[in-house]
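**Student:** Quick one, fold the following:
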Amino acid sequence: MKSSKPVNDLDIIKEIAERIRDAVMDRYPDGGGGAVVSTAPDGSMTREIDLAAERCAIDHIEENDLPWNLLSEEDGSFDGRGERTLILDPIDGTYNAIHGIPLFSTSLALCEGPLHNITSSLVMNIPVGMSFTAVKGEGANYNDKAISTRNLDEAMAVFNSFLGPASLEENRLLFSWPYRGRYFGSISLEVCYVAKGAIDLFALFWRIPRITDIAGAYLILKEAGGHIMIGDHRSTWSDYMPSLDHPGSRDLIVMGDASSKERILQIISQMNPCAGGLRR
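**Tutor:** Predicted structure coming up:
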């Protein structure tokens, strides 16, 4: 006997994520799928595993005749002539995925009207099948258990940051501050672990994430009590809002303790290369 419970947007997003996970784990249980098959609209390379995951989402939308538009990292977008748009990163952490490192996700965010108006979202750590979810105004969850960010304790703070050639100096200075430093290789999961209260801060220097990278995690973080700031070349900071473009911006800071915003920005502003470290 079929359940009479209505299917809501989050249920549909969960179905798509499970479909992606089943396909990826069945086809690439120990990694793989790294062959370059095309070039994404932003010029980045699309791998076989990315395209396979994206195809799962497209098939689900088409088979269920969902009136959703799609904005995806790989093939780009299609217009389903609906008022809602699914923002999709089929595989976030592709390097980890193709090399068998069990820390990569699929990220989905459904918005109504403007892209920043995200109403429900999900980020799933594919190898372990655990999901972060949020519905606007209803809080955030990790496998259906409510989560929230944690208060900043500077003596035990754990910071994450994107590590790349352009940001080596910033990270050298940043990581002289906290008790521990980390980098996972999946933006959506790093933001979600801030939301969960597992880490205190995630930084991206000289790199602004694409909306597909962060849209799913954005709502989860906000519903869990976190905050995101974006900075320009003058180190002027403002609240981040998901968008297709952030002209003039170069850095992004994800913080769990929104009440510590001024302190976090003070820490970032004290990163002084000439001084050889952070001034406390």
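**Student:** Low-confidence regions, the stretch 101-250 of the chain specifically.
**Tutor:** Scanning the stretch 101-250 of the chain for pLDDT under 70 picks out 233-234.
**Student:** in it, which spans are helices?
**Tutor:** 168-174, 187-195, 211-224 (DSSP state H, counting those that start in this stretch).
**Student:** So which of those helices is the most surrounded?
**Tutor:** helix 187-195 (a mean of 29; mean count of other Cβ atoms under 10 Å). The C-beta positions use only the backbone N, C-alpha and C, and glycine is treated the same way.
**Student:** Give the other helices and strands that that one contacts.
**Tutor:** strand 84-92, strand 105-112, strand 118-125, strand 158-161, strand 201-204, helix 211-224, strand 249-255 (3 or more Cβ pairs under 8 Å, 6 or more residues apart in numbering; DSSP states H and E).
**Student:** export the ones you listed to TSV and tack on distance to I147?
**Tutor:** Output for these, formatted as TSV (distance: least, Cβ to Cβ, whole Å):
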stretch	distance to I147
strand 84-92	19
strand 105-112	16
strand 118-125	12
strand 158-161	16
strand 201-204	16
helix 211-224	5
strand 249-255	15
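**Student:** any idea how far K222 is from the nearest residue to G82 once chain neighbours are set aside?
**Tutor:** Nearest non-adjacent residue to G82, counting by Cβ to Cβ, 6 or more residues apart in numbering: P67, 3.5 Å away. P67 sits 26 Å away from K222, taking Cβ to Cβ, to the nearest Å as the criterion.
**Student:** Kindly report the same for S186.
**Tutor:** In terms of Cβ to Cβ, S186 sits 19 Å off from K222.
**Student:** now swap in Y193 and tell me
**Tutor:** Applying Cβ to Cβ to Y193 and K222 gives a distance of 15 Å.
**Student:** thinking L88 is in contact with C56, fair?
**Tutor:** No. Between L88 and C56 there is no contact under Cβ atoms under 8 Å: 10.1 Å.
**Student:** More neighbours: those two, which one.
**Tutor:** Between L88 and C56, L88 has the larger neighbour count (other Cβ atoms under 10 Å), namely 29 against 20.
**Student:** Which positions are bridged to that one in the beta structure?
**Tutor:** With DSSP bridges as the criterion, L88 is bridged to S72, L108.
**Student:** what sits against it?
**Tutor:** E54, A57, L70, L71, S72, E73, T106, S107, L108, A109, T212 (Cβ atoms under 8 Å, 6 or more residues apart in numbering).
**Student:** again with S121
**Tutor:** Taking Cβ under 8 Å, 6+ apart, one finds 13, 107-110, 133-134, 215-220 in contact with S121.
**Student:** ok, of these, which one's closest to S44?
**Tutor:** S107 (15.6 Å; Cβ to Cβ).
**Student:** If you drop the residues flanking it in sequence, what lies closest to the closest one?
**Tutor:** Leaving aside its sequence neighbours, S107 sits nearest to G216 (Cβ to Cβ, 6+ apart; 3.6 Å).
**Student:** Pull up the gap between the one you found and Q266, please.
**Tutor:** 30 Å.
**Student:** cool, and S38?
**Tutor:** 44 Å.
**Student:** Next: E15.
**Tutor:** For E15, the distance to Q266 - Cβ to Cβ - is 44 Å.
**Student:** What strand or helix carries G82?
**Tutor:** Using DSSP states H and E, G82 maps to neither a helix nor a strand.
**Student:** Please give me every residue in contact with it.
**Tutor:** So G82 contacts L66, P67, W68, N69 (Cβ under 8 Å, 6+ apart).
**Student:** so where does the closest residue to I98 other than its chain neighbours fall, helix or strand?
**Tutor:** Computed as Cβ to Cβ, 6+ apart, the closest residue to I98 that is not its neighbour in sequence is G34, at 3.7 Å. Using DSSP H and E, G34 sits in no helix or strand.
**Student:** OK, contacts around the nearest residue to E170 once chain neighbours are set aside?
**Tutor:** Closest residue in space to E170, ignoring its immediate chain neighbours: F205 at 4.1 Å, by Cβ to Cβ, 6+ apart. By Cβ under 8 Å, 6+ apart, the residues touching F205 are S161, F162, A166, S167, E170, N171, L174, R250, D251.
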